[in-house]
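> Sharing a model that was predicted from the sequence below.
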Amino acid sequence: MPEARLVFRNARLLDGENPPRDGVNLVVEGERIAQVSETPPQTGEGDRVVDLGGRTLMPGLVQCHFHTGFGPTPSGGAAPMLGLEASATYMGMIAVYNARIALDCGVTSIIASSNPAGLDVSLKEAILLGIAEGPRMLACTREFITSGEQADGTNRCWFMGIANHGLLRRLDGADAWRQATREELGRGADVVKVSIAHGHGADSVRDINYLTPEELNAVIETAHERGKKVRGHCPSRIGVIECARAGMDIIDHADRIDEAGIEAVIKADATVVPSMLWSERFLAFAESWDHTAAPLPIGDGFPEKIEDTMARLRRVREDFEYTKTMLSRMHEAGVRLVLGDDYGFPMMPHGDYVSEMELYVKLGIPALDVLRWGTRNGACAMGRGDELGLLAPGRLADLLVVAGDPSADISVLRSGVQMVVKGGVVLRDHLTAAAPAV
Ligand SMILES: [Zn+2]
C-alpha cells in the first residue's frame, strides 16, 4: 500500500527534464506526486518525512530493451545460450530474479523484448497481483521471424524454437503475421517483437529487410488497431527507413542508420534503442581471443576458418565504429533515444545497467541527456509520457533517492540508489532503514 503522505525535504531535484535544482521538497500522496516546491510543505501526524540532506531525487529508470528470461544457467558454464536450454519453469524463476535485480538498480519500468513460453505476460501478471516484485512492464511477444532468416529455428539455432513455443515464431505471408499478432496480443502481450535484419553482435549488418511490405504492414496495423506497439531488431540502413515509414514504434539497435533513416524516424515519432554496450563487449572479447588456440565460442552458427572469423570481426568493428559516430548525430537531430540493452547475454549480466549509461557519456553524450533518455524518453516510448518519466505534480510517484548527483557523474548510480519508490510504495530503502526516520 502507498504511504499516506511521503514528504521528501531538502532534495536536489533532477526532474527528468531540467538541470538539477537544490533545496526542493516533494510530497507524494497515495500513488502520485502532490506537490513540488521550494517552500517546505506543511506536515502533519501520519506523514512520513524524509530529510534528504541534498541527495538527488529523480524519476525511476525506464529500461526499454529488457529480456526478462535471459540469464545464466546454474552452472554458469560454457557460454550458455541465454539460458534458453532450461525449462520454462526455470526461466520463469530467472525472470522473477531479473525483475528484482532491476528494481534494486532503480529501474521502475521496462519495455520487454522477445521471450519464450509466455514469460513476460506471466511476469507482468505476477507483479500486478503482488506475487512477484518488479517494475511496471510492457510485456513482449516471442520474436517473430520469417523463414530462412538469421535466427530461423529450422537451420542451426534449432533450440530457439523448440515445438514453436521457444523464443522465435516463424511466420510467412501477411495473413500469418496478422494471426500471430492477434494471438499473442490477445494473450496479454503489449508489444510485438519483429526481426527485421541480420547483425548487431556476432555478425555484421546487411542492407536488408527480411519482411515484405505486406508482412510489415500486417503486424503494425494489427498491433495499432489494438492500441499495442511493435518493435524491431533493425540493424539495417534500409530496414530503419522502411520500418519507420511503416509506423514501427521502437527501432532496436539501428546500426547503419543514415540521414534518410534519421529523417524517417523523426517524422514517424519513433523511438531508437541504440543498445551499444553488447557490441562493445562482444568486440572487446572477440578481438582479444586467441583464435589459434580455439574457435571463438560466439559465432554465426556454422564452423568457419580463422580468416573468415577475422573478416567477420572486422566487419562488425566497422559497423560499430560507424554507429558510434551516428549516436551523436541522432541525438543532435532530435531522435528519441532510450536506454536498454541485451542483458542476460554472455558478458552482459542483469544489474549492470549503469555500464550502458557510462558508455554513452564516454561517447560524448552529456550525462543529463543520458538521464533524460532513461527517464522522460523511456516513459514516452512506453506511451505513458503523461504519467511517468518526470517528477511533477499529478505524475505517478516512481522515483529514486540517489547519493550524489548523477547528472555530474552518472557512475554514482552504480551504488548510490538509496530508495526506490514505485507508485508511491517504498520498495527499497537503504537510507532511513539504516537510521531512524526524521
Ligand atoms: Zn535483444
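Arrived safely.
> pLDDT below threshold where in the stretch 301-438 of the chain?
301-302, 434-438 (pLDDT under 70).
> Can you name the residues of it that neighbour the ion?
Residues of the stretch 301-438 of the chain lying near the ion by Cβ under 5 Å from the ion: residue 342. C-beta here means a position set from N, CA and C on the backbone, and glycine is covered the same way.
> Might you report the residue contacts of the residue of the stretch 301-438 of the chain found nearest the ion?
Nearest to the ion, among the residues of the stretch 301-438 of the chain, is residue 342, at 4.3 Å (Cβ to the ion). Residues near residue 342 by Cβ atoms under 8 Å, 6 or more residues apart in numbering: 65, 67, 70, 201, 275, 278, 348.
> did I read that right, the fifth one in a helix?
Yep, that's residue 275 we're talking about. No. Counting by DSSP: H, G, I helix; E, B strand; the rest coil, residue 275 falls outside a helix, being coil.
> Surely it and residue 65 touch.
Yes. With contacts counted by Cβ atoms under 8 Å, residue 275 reaches residue 65, the gap being 5.3 Å.
> where does the stretch 51-200 of the chain dip in pLDDT?
Ranges of the stretch 51-200 of the chain meeting pLDDT under 70: 72-81, 150-165.
> residue ranges for the strands of it, please.
Per DSSP state E, counting those that start in this stretch, the stretch 51-200 of the chain carries strands over the ranges 56-59, 61-66, 107-112, 136-138, 140-145, 168-170, 191-195.
> residues near residue 57, how many?
26 (other Cβ atoms under 10 Å).
> Tell me the bridge partners for it.
Counting by DSSP bridges, residue 57 is bridged to residue 13, residue 401.
> distance of the residue of the stretch 1-150 of the chain found nearest the ion from residue 221?
Residue nearest to the ion within the stretch 1-150 of the chain: residue 113 (4.5 Å; Cβ to the ion). Residue 113 is 21 Å from residue 221, where distance means Cβ to Cβ, to the nearest Å.
> Name the residue in the two with the higher neighbour count.
Just comparing residue 113 and residue 221: by other Cβ under 10 Å the higher neighbour count belongs to residue 113, 29 against 17.
> pretty sure the more buried one contacts residue 229?
No. Counting by Cβ under 8 Å, residue 113 does not reach residue 229; the two are 11.7 Å apart.
> Now do residue 3, the pLDDT please.
What the model reports as pLDDT for residue 3 is 55.
> How about the one 10 residues further on?
On the pLDDT scale, residue 13 is placed at 98.
> Run a quick neighbour tally on it.
So residue 13, with other Cβ under 10 Å, has 23 neighbours.
> Can you verify my assumption that it contacts residue 21?
Yes. Taking Cβ under 8 Å as the definition, residue 13 is a contact partner of residue 21 at 4.8 Å.
> buried residues in stretch 365-379?
365, 367-368, 370-379 (16 or more other Cβ atoms under 10 Å).
> can you list contacts of it?
Contacts for stretch 365-379 (Cβ under 8 Å, 6+ apart): 14, 16-17, 19, 58-64, 109, 111, 271, 327-328, 331, 336-340, 357, 360-361, 385, 387-390, 406-410.
> Give me the distance between the two termini of that stretch.
20 Å (Cα to Cα, to the nearest Å).
> Compute the distance between residue 234 and the ion, please.
11 Å (Cβ to the ion, to the nearest Å).
> pLDDT score for that residue?
The per-residue pLDDT of residue 234 was computed as 97.
> OK, contacts around it?
196-197, 240, 243, 248, 251-254.
> out of the residues you listed, which are inside helices?
Restricting the contacts of residue 234 to those inside helices, with DSSP state H as the criterion, leaves 240, 243.
> related to what we said a few turns ago, quickly list what's touching both of residue 275 and residue 65.
By Cβ under 8 Å, 6+ apart, the residues touching both residue 275 and residue 65 are 252, 340-342.
> thought residue 67 was touching residue 343?
Yes. Between residue 67 and residue 343 there is a contact under Cβ under 8 Å: 6.8 Å.
> Let me have the strands of the stretch 51-200 of the chain in CSV, adding distance to residue 101 as columns.
Converted to CSV, these look like this (distance: least, Cβ to Cβ, whole Å):
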stretch, distance to residue 101
strand 56-59, 19
strand 61-66, 11
strand 107-112, 9
strand 136-138, 14
strand 140-145, 18
strand 168-170, 25
strand 191-195, 21
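> Using JSON lines, lay out the shared contacts of residue 275 and residue 65 together with secondary structure.
What follows is those, written out as JSON lines (three-state DSSP):
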{"residue": "252", "secondary structure": "strand"}
{"residue": "340", "secondary structure": "coil"}
{"residue": "341", "secondary structure": "coil"}
{"residue": "342", "secondary structure": "coil"}
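> Which of those residues are buried, as a PyMOL select command?
PyMOL command restricting those to the buried ones, with burial defined by 16+ other Cβ under 10 Å:
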select buried, resi 252+340+341+342
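> Make a markdown table out of the shared contacts of residue 275 and residue 65 and add distance to residue 103.
Formatted as a markdown table, the entries for the shared contacts of residue 275 and residue 65 read as follows, by distance: Cβ to Cβ, whole Å:
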| residue | distance to residue 103 |
| --- | --- |
| 252 | 23 |
| 340 | 16 |
| 341 | 18 |
| 342 | 20 |
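> care to break this structure down by domain?
As assigned by automatic domain parsing, the chain contains the domains 5-59+389-429, 61-352.
> What ranges does the stretch 151-300 of the chain have for its helices?
174-186, 213-225, 237-246, 259-268, 277-287 (DSSP state H, counting those that start in this stretch).
> Between helix 213-225 and the third one, find me the angle.
Relative orientation of helix 237-246 with respect to helix 213-225: 40 degrees, computed using axes from the mean of the first three to the mean of the last three Cα atoms, to 10 degrees.
> on contacts alone, who are the packing partners of the longest helix belonging to the chain?
Criterion DSSP H: the longest helix present in the chain is helix 306-333. Helices and strands touching helix 306-333, by 3 or more Cβ pairs under 8 Å, 6 or more residues apart in numbering; DSSP states H and E, are helix 259-268, helix 277-287, strand 336-337.
> Paired strands for the last one, with orientation please.
Paired strands of strand 336-337, with direction, are strand 271-273 (parallel) (DSSP bridges).
> Is the partner strand in proximity to the ion?
No. Strand 271-273 lies apart from the ion when judged by Cβ under 5 Å from the ion; the minimum separation is 8.9 Å.
> hang on, the earlier thing: give me whichever of the helices of the stretch 151-300 of the chain is most buried.
helix 237-246 (a mean of 24; mean count of other Cβ atoms under 10 Å).
> Using PDB, write out every CA atom in it.
The C-alpha trace of helix 237-246 is given here as PDB (Å, rounded to 0.1, in the frame of the first residue of the first chain):
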ATOM      1  CA  ARG A 237      20.000   1.100 -43.200                       C
ATOM      2  CA  ILE A 238      17.100   0.200 -45.400                       C
ATOM      3  CA  GLY A 239      15.400  -1.600 -42.500                       C
ATOM      4  CA  VAL A 240      15.300   1.600 -40.400                       C
ATOM      5  CA  ILE A 241      13.800   3.600 -43.200                       C
ATOM      6  CA  GLU A 242      11.200   1.100 -44.100                       C
ATOM      7  CA  CYS A 243      10.200   0.300 -40.500                       C
ATOM      8  CA  ALA A 244       9.900   4.000 -39.600                       C
ATOM      9  CA  ARG A 245       7.800   4.800 -42.700                       C
ATOM     10  CA  ALA A 246       5.600   1.800 -41.900                       C
END
